[in-house]
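>>> With the input below, show me the fold.
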Amino acid sequence: MAENEIGTIILQVAIDIHRKLGPGLLELVYEVVLAHKLKERWLNAVQQVKVPIDFDGIQFDEGFRANLIGEGKVIAELTPKQEISFSDRKQSQARLILTGLKLGYLLNFGVGLL
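Sure thing, here's the model as predicted:
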């Protein structure tokens, strides 16, 4: 399955979850439900993926943890904030670079519309 197909499924499921649960819950709640619903659609969704970083040829295991990676191809970072900042966007871009993935989403569950 191509990245765009996986991304479409992730977005559809995330929107459905947001409509049913609404904003304001903990990030972990949305993450667990999203992973579960994606697996129901036969999509391999792995939570809290440990992503190491390489700096000057040295690998550090303490890079970051991706909230969810679908099919090993699409990263989904979840947040329950009132507003996404410039810093949040830059962090998402950095995570794409560090993972080597081509497609990623920053899903904000803290607002009225996802």
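>>> Tell me where the longest helix sits in this structure.
helix 3-21 (DSSP state H).
>>> For this protein, just list every one of the strands.
Here the chain has its strands, by DSSP state E, at 45-55, 58-70, 74-79, 103-108.
>>> Check those for me and report the most buried one.
strand 74-79 (a mean of 23; mean count of other CB atoms under 10 Å). Yep, even glycine has a C-beta here, placed from its N, CA and C like the rest.
>>> In CSV: the strands of the chain, plus mean pLDDT.
Output for the strands of the chain, formatted as CSV (pLDDT from 0 to 100):
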stretch, mean pLDDT
strand 45-55, 92
strand 58-70, 92
strand 74-79, 96
strand 103-108, 96
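>>> Would you mind putting these into CSV with distance to Glu3 alongside?
CSV is the format used below for the strands of the chain (distance: least, CB to CB, whole Å):
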stretch, distance to Glu3
strand 45-55, 14
strand 58-70, 9
strand 74-79, 6
strand 103-108, 4
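>>> Figure out which of these is closest to Glu27.
Glu27 lies closest to strand 74-79 among the strands of the chain, at 5.2 Å (CB to CB).
>>> what lines up beside that closest one in the sheet?
As defined by DSSP bridges, the strand partners of strand 74-79 come to strand 58-70 (antiparallel), strand 103-108 (parallel).
>>> so can I have JSON lines of the ones you listed showing distance to Ile9?
Compiled in JSON lines, those are given as follows (distance: least, CB to CB, whole Å):
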{"stretch": "strand 58-70", "distance to Ile9": "7"}
{"stretch": "strand 103-108", "distance to Ile9": "11"}
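>>> do you know how far the residue nearest in space to the middle of the chain is from Leu34?
With distances taken as CA atoms, centre = their mean, the residue of the chain nearest its centroid is Ala76 (1.5 Å). Using CB to CB, to the nearest Å, we find Ala76 at a distance of 7 Å from Leu34.
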